[in-house]
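**Student:** Test case, fold it:
(one chain, ligands or ions: 1)
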Amino acid sequence: MFFPYTSGRKGMLGSEKEVGRVAQTVVVGVTGGIGAYKACELVRLLSRRGFRVKVVMTDAAMRFVTPLTFRTLTGEPVASSLWEEPAYGGVRHVSLAQEADVMVVAPCTANVIAKLAHGRADDMLTTTALAAQAPLVIAPAMNAEMWRKQVTRDNVAALRARGAVIVEPEAGELACGDVGEGRLAPVEDIADAVEAEACRARDLAGVRVLVTAGGTREAIDPVRFIGNRSSGKTGYAIAEEAARRGASVTLVAAPTCLADPYGAEVVRVTSALEMRDAVRAGFDRADLVVMAAAVADFRPEGPAEHKLKKDAGAPALALVRNPDILAELGERKDGRLLVGFAAETRDVLESARAKLEAKHLDLVVANDVGAPGRGFDADINRVTFVTAEGAEELPVLGKDAIARKLLDRIAEMLARRGQR
Ligand code: CTP
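**Tutor:** Model (predicted):
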């Protein structure tokens with residue numbers, strides 16, 4: 001079993017005392033939904049898994065479960081009011097936020113999701129969440145209509161974009177009698193998500209990561225360009241996940257419609273040549289490079305200075321090769337870890353293996369972009385990690401999950417090399 005612990009500032013639990021380990025602290029936020037009673041089970045489960053658990057409740061939550069229940073289960077004081085005297089001095093919401101290795105809100109109502117998404121801090125729970133730097137896990141629970149509403153979807157998307165992990169509610173019979181999606185996820189799933197965050201919380205601390213994303217645009221004239229269908233979603237997810245895990249991240253981004261990933265420095269480029277310059281500028285400082293960008297292999301030779309007019313007839317486009325940025329990096333990698341992507345419509349694995357070798361890469365993320373509904377512009381994909389040791393095929397996953405799996409794999413590789 002995974003036994004979470006960190007060194008340093010944490011108080012000790014009885015069992016850890018004997019072996020000298022210090023438990024990680026999970027702050028469990030409980031909001032006012034009927035699922036609040038399941039938070040009792042979550043707290044027990046987290047304690048059993050070796051975490052020190054501290055609970056913070058909203059006023060509405062206390063109408064469903066009493067603080068006494070949680071105090072008894074955790075052996076810790078329960079925070080609920082911003083105005084109560086702190087048990088050990090200091091400013092309670094700030095000290096609680098600082099103690100958190102992971103914060104989880106379960107159940108999380110639509111109202112608290114909205115507050116968290118907009119940075120409102122008007123009670124102990126939301127103030128603690130805003131002050132915390134720890135990973136945030138949110139387990140929503142509400143009526144199916146509320147969950148389906150666009151405003152809730154937008155709030156959830158905003159939280160996810162800032163790095164929160166959402167443990168999606170499941171479908172079933174709801175307290176209001178409706179049947180639909182909105183029931184709190186099983187507490188085991190929520191505990192697993194907390195444990196995963198605790199585990200990876202800082203596993204890339206100190207690693208300098210350079211990520212590229214998006215599709216380059218190669219100018220035909222000042223208005224038109226040759227582009228490709230890359231949305232940038234995977235590269236952005238990798239940059240954000242790496243930053244969340246403590247890496248110092250530079251994202252070289254070709255044009256996308258995406259919001260800047262939280263915690264990464266973003267360098268914007270348009271063409272393959274600009275991307276090559278930006279990547280070269282960051283390469284010396286990087287320990288790891290992930291080339292998720294779809295770089296155009298060719299560009300129009302000498303783009304027109306002025307907009308081409310149709311009356312002049314169909315232009316003859318002469319194309320020239322762009323430099324292969326990743327292959328160039330492979331020639332002078334000098335101990336760095338290099339990860340490339342292979343987007344293919346056939347012979348996916350063979351092509352990935354060939355790229356691995358030809359460009360001196362450590363890992364290639366191979367994906368079949370010919371499959372309908374996956375790959376380019378979709379939120380899901382099915383990829384295979386190809387290394388010199390073999391191929392690991394992943395199931396169809398969201399791009400956030402793919403980013404996580406990739407960085408899990410990279411963290412392992414760095415650990416094996418003794419770089420972590
Ligand atoms: N890449 C790059 N510079 C280029 C082209 C691609 O750095 N000019 C990187 C991509 O970011 C990706 C990987 O190389 O990580 C893709 O490999 P590549 O061999 O270019 O794939 P394809 O363009 O699909 O190549 P081919 O036409 O040979 O299949």
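**Student:** quick check: mean pLDDT across the helix or strand containing S95?
**Tutor:** Using DSSP states H and E, S95 maps to helix 92-99. Mean pLDDT, computed over helix 92-99, is 83.
**Student:** got it, and stretch 330-347?
**Tutor:** The average pLDDT for stretch 330-347 rounds to 93.
**Student:** Where does the stretch 51-200 of the chain get nearest to the ligand, residue-wise?
**Tutor:** The ligand sits closest to A161 of the stretch 51-200 of the chain, with a gap of 23.1 Å, by Cβ to the nearest ligand atom. C-beta here means a position set from N, CA and C on the backbone, and glycine is covered the same way.
**Student:** Can you verify my assumption that that residue contacts Y262?
**Tutor:** Yes - applying Cβ atoms under 8 Å, one finds A161 in contact with Y262, separated by 7.3 Å.
**Student:** Mutual contacts of those two, please.
**Tutor:** E240 (Cβ atoms under 8 Å, 6 or more residues apart in numbering).
**Student:** Not counting stretch 71-85 itself, show me its contacts.
**Tutor:** Residues contacting stretch 71-85 (Cβ under 8 Å, 6+ apart): 40, 43-44, 47, 52-59, 62, 67, 70, 87, 92-93, 96, 123-124, 127-128.
**Student:** Sort out for me which of these are in helices.
**Tutor:** 40, 43-44, 47, 67, 70, 92-93, 96, 124, 127-128 (DSSP state H).
**Student:** Can you add neighbour count and distance to R268 and give those back as JSON lines?
**Tutor:** JSON lines is the format used below for these (neighbours: other Cβ atoms under 10 Å; distance: Cβ to Cβ, whole Å):
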{"residue": "C40", "neighbour count": "18", "distance to R268": "48"}
{"residue": "V43", "neighbour count": "26", "distance to R268": "45"}
{"residue": "R44", "neighbour count": "15", "distance to R268": "48"}
{"residue": "S47", "neighbour count": "18", "distance to R268": "46"}
{"residue": "P67", "neighbour count": "17", "distance to R268": "49"}
{"residue": "F70", "neighbour count": "28", "distance to R268": "47"}
{"residue": "R92", "neighbour count": "22", "distance to R268": "42"}
{"residue": "H93", "neighbour count": "23", "distance to R268": "37"}
{"residue": "L96", "neighbour count": "26", "distance to R268": "38"}
{"residue": "M124", "neighbour count": "23", "distance to R268": "40"}
{"residue": "T127", "neighbour count": "21", "distance to R268": "35"}
{"residue": "T128", "neighbour count": "27", "distance to R268": "35"}
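**Student:** Which two among the residues you listed are spaced furthest apart?
**Tutor:** Maximum pairwise distance among these (Cβ to Cβ): 25.9 Å, between R44 and T127.
**Student:** picking up where we left off before, burial measure for the nearest residue to the residue of the stretch 51-200 of the chain closest to the ligand once chain neighbours are set aside, as a count.
**Tutor:** Of all residues not flanking A161 in the chain, A259 sits nearest, at 5.8 Å (Cβ to Cβ, 6 or more residues apart in numbering). By the criterion of other Cβ atoms under 10 Å, A259 has 12 neighbours.
**Student:** is it true that A259 touches G163?
**Tutor:** No - in this structure A259 lies outside contact range of G163 using Cβ under 8 Å: 11.9 Å.
**Student:** Alongside the ligand, which residues does the stretch 301-420 of the chain contribute?
**Tutor:** 322, 324-326, 340-343, 351, 355 (Cβ under 6 Å from any ligand atom).
**Student:** helix or strand for H360, which one?
**Tutor:** Counting by DSSP H and E, H360 is part of no helix or strand.
**Student:** Tell me how many other residues surround it.
**Tutor:** Neighbours around H360, by other Cβ under 10 Å: 15.
**Student:** related to what we said a few turns ago, which one's more surrounded, A161 and Y262?
**Tutor:** A161 (18 against 13).
**Student:** From L258, how far off is the more buried one?
**Tutor:** Distance of A161 to L258, given as Cβ to Cβ, to the nearest Å: 8 Å.
**Student:** residue ranges of the strands in the stretch 251-400 of the chain, please?
**Tutor:** Remark: strands assigned in the stretch 251-400 of the chain by DSSP state E, counting those that start in this stretch are 265-268, 288-291, 298-300, 319-321, 337-344, 363-368, 380-381, 383-387, 390-393, 397-398.
**Student:** Deepest-packed of the ones you listed, please.
**Tutor:** strand 288-291 (a mean of 26; mean count of other Cβ atoms under 10 Å).
**Student:** export it as PDB, just CAs?
**Tutor:** Extracted in PDB, the C-alpha atoms of strand 288-291 (Å, rounded to 0.1, in the frame of the first residue of the first chain):
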ATOM      1  CA  LEU A 288      13.400  17.800 -20.300                       C
ATOM      2  CA  VAL A 289      12.000  18.800 -23.600                       C
ATOM      3  CA  VAL A 290       8.500  17.700 -24.700                       C
ATOM      4  CA  MET A 291       7.800  18.500 -28.400                       C
END
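**Student:** What is that strand packed up against?
**Tutor:** Secondary-structure packing of strand 288-291 (3 or more Cβ pairs under 8 Å, 6 or more residues apart in numbering; DSSP states H and E): strand 208-213, helix 272-283, helix 325-331, strand 337-344, helix 399-416.
**Student:** pLDDT of the first one, averaged?
**Tutor:** If I follow you right, that is strand 208-213. 98.
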